[in-house]
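> Sequence and predicted structure are below.
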Amino acid sequence: MSKAPARIRKAVFPVAGLGTRFLPATKAMPKEMLTVVDRPVIQHVVDEARAAGIEHLVFVTGRNKGVIEDHFDQQFELERTLAERGKDKELAALRRDLPAPGQTSFTRQQAAQGLGHAVWCARDIVGNEPFALLLPDMLHFSAVPCLAKMMAAYEDVGGNLVAVSPVPEDQTQNYGIVGVRDPEDDVTEITTMVEKPKPGTAPSNLHITGRYILQPEIFELLERQKPGAGNEIQLTDAMLGLLERRDQDFHAVRFDGELYDCGSKLGFLMANVAYGLTREDLGEPFRAALSKVVGKLG
């Protein structure tokens, strides 16, 4: 009987980015705290992780990111004010979102040296156990949360997993791309990876969507990983090194929902529309208001 894979308890969230594409909005507020409807982007991603059973949230932060730590902390004055004013629904929502004591950790990435470097900064908190990695810019919108689907696949195949989704062939140079054994399968073995391949050289059109389950050996490779694309330490390069060792499995898990890149203005606006339209309390009046606006401006 094969040994069951080690349980995934921790998730890493790289939140040290500057958010320059959203200036001046992000001059004094982290881009991760921009709201999609009424929840910060980072809260949506944390919701996905907690829904998948993650117990410990590890945030890799940078300068001017203290408000993220405050967001995931208890605010006694606010709770007292809500209680005094009879705002029971709002108070219950705050308490429901609050992680339990000891379930959050924060570490600093002092210099912007790439995603791989950000992940490496979490090494001592993660320790010698597998972990999930969720990029906060990428919202995965689907009935079944992306990470939950990956966790289910992990129970079957173990090893390392990345979520993938197809992109147009002429856009593959903008993403981390994987080659796979069977591109039609929901879960399939990865044969190769490349970060932002040159046009016409991509091994497939399946791009990495910002959700990962990784084994702790990735930290050893990131420790000595040389800068790659963009002169940054690329996670994809380290994963390729781990793949080439052939001592651990690597699988792609196809994500079939909608992806919203909240690191771009268009993606952020589209996320607000999509999440707003599916809200029970907002969906119908929002749809009517949108139709009116589009009718006037379109």
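Ah, there it is.
> got the phi/psi numbers for Pro203?
Pro203 adopts backbone torsions of phi -70, psi -10, taken as degrees, to the nearest 10.
> so where's the longest helix in the protein?
In the chain, taking DSSP state H as the definition, the longest helix is helix 283-297.
> So what touches that helix?
Residues from elsewhere that reach helix 283-297 (Cβ atoms under 8 Å, 6 or more residues apart in numbering): Val273, Gly276, Leu277, Arg279. Yep, even glycine has a C-beta here, placed from its N, CA and C like the rest.
> ok but the first one is inside a helix, no?
Looking back up the chat, that one is Val273. Yes - assessed with DSSP: H, G, I helix; E, B strand; the rest coil, Val273 lies in a helix.
> Please tell me how far the closest residue to it other than its chain neighbours sits from Thr236.
Spatial nearest neighbour of Val273, excluding adjacent residues (Cβ to Cβ, 6 or more residues apart in numbering): Leu290 at 7.2 Å. Distance of Leu290 to Thr236, given as Cβ to Cβ, to the nearest Å: 37 Å.
> Give me the more crowded residue out of these two.
For Leu290 and Thr236, the more surrounded residue by other Cβ atoms under 10 Å is Thr236, and the numbers stand at 21 against 13.
> Which residues are in contact with the more buried one?
Contacts of Thr236 by Cβ under 8 Å, 6+ apart are Gly176, Met193, Val194, Glu195, Ile208, Gly228.
> could you redo the last one with a cut-off of 6 Å?
For Thr236, the contact set (Cβ atoms under 6 Å, 6 or more residues apart in numbering) comprises Gly176, Met193, Glu195.
> and the last one, how many residues sit next to it?
Meaning Glu195. 21.
> what comes up buried for the helix or strand of the chain with the lowest mean pLDDT?
In the chain, no helix or strand scores lower on mean pLDDT, DSSP states H and E than helix 235-244, which sits at a mean of 88. The neighbour-count check on helix 235-244 (16 or more other Cβ atoms under 10 Å) flags Leu235, Thr236, Asp237, Ala238, Met239, Leu240, Gly241, Leu242, Leu243 as buried.
> Please apply the same query to stretch 244-251.
Those would be Phe250, His251, for stretch 244-251 by 16+ other Cβ under 10 Å.
> what's the answer for stretch 86-98, then?
Buried residues in stretch 86-98, counted by 16+ other Cβ under 10 Å: Leu91, Leu98.
> Same check on stretch 24-43?
Under the neighbour-count criterion of 16+ other Cβ under 10 Å, stretch 24-43 has 26, 29-34, 36-37, 40-43 buried.
> What are the phi and psi values at Arg108?
Here is the backbone geometry of Arg108 (degrees, to the nearest 10): phi -100, psi 140.
> repeat for Gly179
The phi/psi pair for Gly179 (degrees, to the nearest 10) reads phi -100, psi 140.
> how many neighbours does the nearest residue in space to it that is not next to it in sequence have?
Once flanking residues are discounted, Gly179 sits nearest to Pro203: 3.1 Å by Cβ to Cβ, 6+ apart. Pro203 has 16 neighbours, counted by other Cβ under 10 Å.
> does Pro203 really touch Arg181, like I thought?
No - at 11.5 Å, Pro203 does not count as touching Arg181 under the criterion of Cβ atoms under 6 Å.
> ok, back up a step: send the alpha carbons of the least confident helix or strand of the chain over as CSV?
Only the C-alpha atoms of helix 235-244 are listed here, as CSV (Å, rounded to 0.1, in the frame of the first residue of the first chain):
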residue,chain,number,x,y,z
LEU,A,235,9.9,30.1,-9.1
THR,A,236,9.3,28.4,-12.4
ASP,A,237,13.0,27.9,-12.9
ALA,A,238,13.4,26.3,-9.5
MET,A,239,10.4,24.1,-10.1
LEU,A,240,11.9,23.0,-13.4
GLY,A,241,15.1,22.1,-11.5
LEU,A,242,13.0,20.0,-9.1
LEU,A,243,11.2,18.4,-12.0
GLU,A,244,14.5,17.4,-13.7
